[in-house]
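Participant: how would this look folded up:
(2 chains)
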Amino acid sequence: MIALIDYGAGNTASVANVLKDLNCDYKITYCESDICKSEKIIFPGVGEAAYAVRRLHMTNLFNLLHIIKKPLLGICLGMQLFCQKSKEGDVVSLGILPGSTEKFDDTKVKVPHMGWNQLKYTKQSKLFDGIQEGEYFYFANSYYVPINEYATSVCNYDIDFCSSMEKDNFYGVQFHPEKSGQAGTLLMKNFIEKC
Amino acid sequence: MVSKRIIPCLDVKDGQVVKGINFVELRHAGSAVELAQRYYDEGADELVFLDITATLEKRKTLVELVKDVASVIRIPFTVGGGISELDDIEALLRAGADKVSLNSSIVKNPDLITQAANRFGSQAIVAAIDIKAVNGIKKIFVKGGKEETEIEGLYWCKKVNELGAGEILLTSMDHDGTKAGYDLRFLKQVVESVTIPVIASGGAGTKEHFLDAFNVGVDACLAASLFHYEELAIKDLKQYLRSNGVRVRL
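Facilitator: Residues are numbered from 1 along each chain as shown, chains lettered A, B, ... in the order given. Model (predicted):
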């Protein structure tokens, strides 16, 4: 069973729709015991970082996510919350990745970064099995994770930033696979079957 | 770099897509879910659903429609029409919408933009702005274009940006349904005055009109009847744009 974490600040319906397409057994939950029973975890994020972190504390998930050893896929804000800190709302996040999220410079580009963009692979990743480099993915973010040693791909919007990462059991994507057509569905299938 | 977006707009009334000319004289164009599926298959980058009756009839927007649409398409979509409460926004986002567009409600209560952005993130909040020239001055209209306000267009675009909107959906009521091209002059002014993406709406009739709008700097172009009645195929449009130097997803 896949635990699809609903901490009241994510868009679980769209991720759930893809899991349904993939005939995957999943449960939308914020319950610790469900998460402990699950094989893998999807941690979606849409929303504002400080609000999301507050919700994680309220649902007692903050510490659990930090220490969990199962494959966990953070999507969009979900991945950003892997950082030590978020500049959005200036809030302490999960600390799985070093450093802090940054905001795009709105004197140089339109912010949010909204729309379809391409990736450049920087490391082999099972998430991208069967997905050609140059495929488009849908992004909607004002903040980004700077390039770091765990980045598996980078994307460019004024500057290069980390568009996906892998560290131990933690997988993260800045874009929305659940809104990125067939390539996005394949990426989620890869997470479920290969990670 | 991010691609320019092509966005079919579905004006919805009772689950059916309708399209008016200059905001009146509605014509039927089919089921919203079926059209959504068609546009997804044809390579639309995003969709917008506007429940055109919602504000007037004080109805809540269509959570059920959002669920149905979200179950068939795997691209982002925005939903608007009569949204005035944070709880409405939450219900629509939870049902699978990516963004909500706010129009009359933020004119009445501009703080709603900030409250919504603080809770759901700016990227989920689209300020929909309907503009019409009155004695040569671009004025904001609300309630589905039925009610004139004293608010000047460019001022309001800057204001929604400042308050935390993540995107502006700018519809020229004068150009809407005419197929004579987007309001390029005003779009250019807006693009140069705000720091958030701008979606051009109202007036698309040919491929060249899209190119013109991208050339003045808009981030996305919206059209309705042109796509609904299959006068222009999205793929052909994108190929044309790409061959003219516009970055598009193909």
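
Participant: now the phi/psi pair for the residue lying closest to residue B:96 once chain neighbours are set aside, please.
Facilitator: With sequence-adjacent residues excluded and distances taken as C-beta to C-beta, 6 or more residues apart in numbering or on different chains, residue B:96 is closest to residue B:70, at 2.6 Å. In short, each C-beta sits where N, CA and C put it, glycine included. Main-chain torsions, residue B:70, degrees, to the nearest 10: phi -60, psi -30.

Participant: mean confidence score for the longest helix along chain A?
Facilitator: Longest helix of chain A, by residue count under DSSP state H: helix A:181-194. The pLDDT scores in helix A:181-194 average 97.

Participant: report all helices and strands that that helix contacts.
Facilitator: Under the contact definition 3 or more C-beta pairs under 8 Å, 6 or more residues apart in numbering or on different chains; DSSP states H and E, helix A:181-194 sits against helix A:12-21, strand A:40-43, strand A:136-141.

Participant: apart from its chain neighbours, what residue comes closest to residue B:140?
Facilitator: Of all residues not flanking residue B:140 in the chain, residue B:151 sits nearest, at 4.2 Å (C-beta to C-beta, 6+ apart).

Participant: next, format the helices and strands packed on helix A:181-194 as JSON lines and append mean neighbour count, distance to residue B:218 and mean pLDDT.
Facilitator: Output for the helices and strands packed on helix A:181-194, formatted as JSON lines (neighbours: other C-beta atoms under 10 Å in any protein chain shown; distance: least, C-beta to C-beta, whole Å; pLDDT from 0 to 100):
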{"stretch": "helix A:12-21", "mean neighbour count": "21", "distance to residue B:218": "26", "mean pLDDT": "95"}
{"stretch": "strand A:40-43", "mean neighbour count": "26", "distance to residue B:218": "34", "mean pLDDT": "96"}
{"stretch": "strand A:136-141", "mean neighbour count": "26", "distance to residue B:218": "17", "mean pLDDT": "96"}
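
Participant: for those, give me TSV that also has distance to chain B.
Facilitator: Converted to TSV, the helices and strands packed on helix A:181-194 look like this (distance: least, C-beta to the nearest C-beta, whole Å):
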stretch	distance to chain B
helix A:12-21	4
strand A:40-43	15
strand A:136-141	4
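
Participant: turn these into JSON lines, including distance to residue B:122.
Facilitator: Putting the helices and strands packed on helix A:181-194 into JSON lines (distance: least, C-beta to C-beta, whole Å) gives the following:
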{"stretch": "helix A:12-21", "distance to residue B:122": "19"}
{"stretch": "strand A:40-43", "distance to residue B:122": "21"}
{"stretch": "strand A:136-141", "distance to residue B:122": "9"}
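
Participant: quick check: most distant residue from the centroid of chain A.
Facilitator: For chain A, the C-alpha farthest from the mean C-alpha position belongs to residue A:107; by C-alpha atoms, centre = their mean, that distance is 26.5 Å.

Participant: so what's it up against?
Facilitator: With contacts defined as C-beta atoms under 8 Å, 6 or more residues apart in numbering or on different chains, the neighbours of residue A:107 are residue B:195.

Participant: tell me the secondary structure at it.
Facilitator: At residue A:107 the chain is in coil, as set by DSSP: H, G, I helix; E, B strand; the rest coil.

Participant: show me what from chain B comes close to chain A.
Facilitator: When proximity is defined by C-beta under 8 Å from any C-beta of the partner chain, chain B lies next to chain A at B:1-5, B:40, B:45-46, B:67, B:70-71, B:74-76, B:93-96, B:98-99, B:117-124, B:166-167, B:195-198, B:219-220, B:249.

Participant: which residues of chain A lie near chain B?
Facilitator: Taking C-beta under 8 Å from any C-beta as the test, the list of chain A residues beside chain B reads A:11-14, A:17-18, A:20, A:46-48, A:51, A:77, A:106-107, A:110-117, A:136, A:138-142, A:156-157, A:176, A:178-182, A:184-185.

Participant: give me the number of residues near residue A:146?
Facilitator: Look at residue A:146: counted by other C-beta atoms under 10 Å in any protein chain shown, it has 16 neighbours.

Participant: ok, it touching residue A:98?
Facilitator: No. Proximity of residue A:146 to residue A:98 does not meet the contact threshold set by C-beta atoms under 8 Å, at 9.8 Å.

Participant: where does the chain have low pLDDT?
Facilitator: All of this refers to chain A. Filtered on pLDDT under 70, chain A yields the residue ranges A:9-10.

Participant: actually chain B
Facilitator: Scanning chain B for pLDDT under 70 picks out B:20-29, B:54-61.

Participant: distance of the residue nearest the centre of it from residue B:187?
Facilitator: Geometric centre of chain B, nearest residue: residue B:169, 4.6 Å, by C-alpha atoms, centre = their mean. If you measure residue B:169 against residue B:187 using C-beta to C-beta, to the nearest Å, the figure is 12 Å.

Participant: mind listing what residue A:30 touches?
Facilitator: If you count contacts by C-beta under 8 Å, 6+ apart, residue A:30 has them with A:5, A:6, A:7, A:8, A:59, A:61.

Participant: hmm, back to that, can you list the strands that the helix or strand hosting the residue nearest to residue B:140 pairs with?
Facilitator: Take DSSP states H and E as the rule and residue B:151 turns out to sit in strand B:147-152. Strand pairing for strand B:147-152, using DSSP bridges, gives strand B:137-142 (antiparallel).

Participant: buried set for the strand it pairs with?
Facilitator: B:138, B:139, B:140, B:141, B:142 (16 or more other C-beta atoms under 10 Å in any protein chain shown).

Participant: roughly how far apart are the last one and chain A?
Facilitator: By that I understand residue B:142. 25 Å (C-beta to the nearest C-beta, to the nearest Å).

Participant: so what's that residue closest to, chain neighbours aside?
Facilitator: Sequence neighbours aside, residue B:104 is the residue nearest to residue B:142 in space, at 4.0 Å (criterion: C-beta to C-beta, 6+ apart).

Participant: count of residues packed around that neighbour?
Facilitator: Neighbour count of residue B:104, defined by other C-beta under 10 Å: 24.

Participant: pretty sure it is touching residue B:143, no?
Facilitator: Yes. If you go by C-beta under 8 Å, residue B:104 and residue B:143 touch, sitting 5.4 Å apart.

Participant: just list whatever residues bridge to residue 140.
Facilitator: Looking at chain A here, since you left the chain open. With DSSP bridges as the rule, residue A:140 is bridged to residue A:114.

Participant: nope, chain B
Facilitator: Going by DSSP bridges, residue B:140 is paired in beta bridges with residue B:131.
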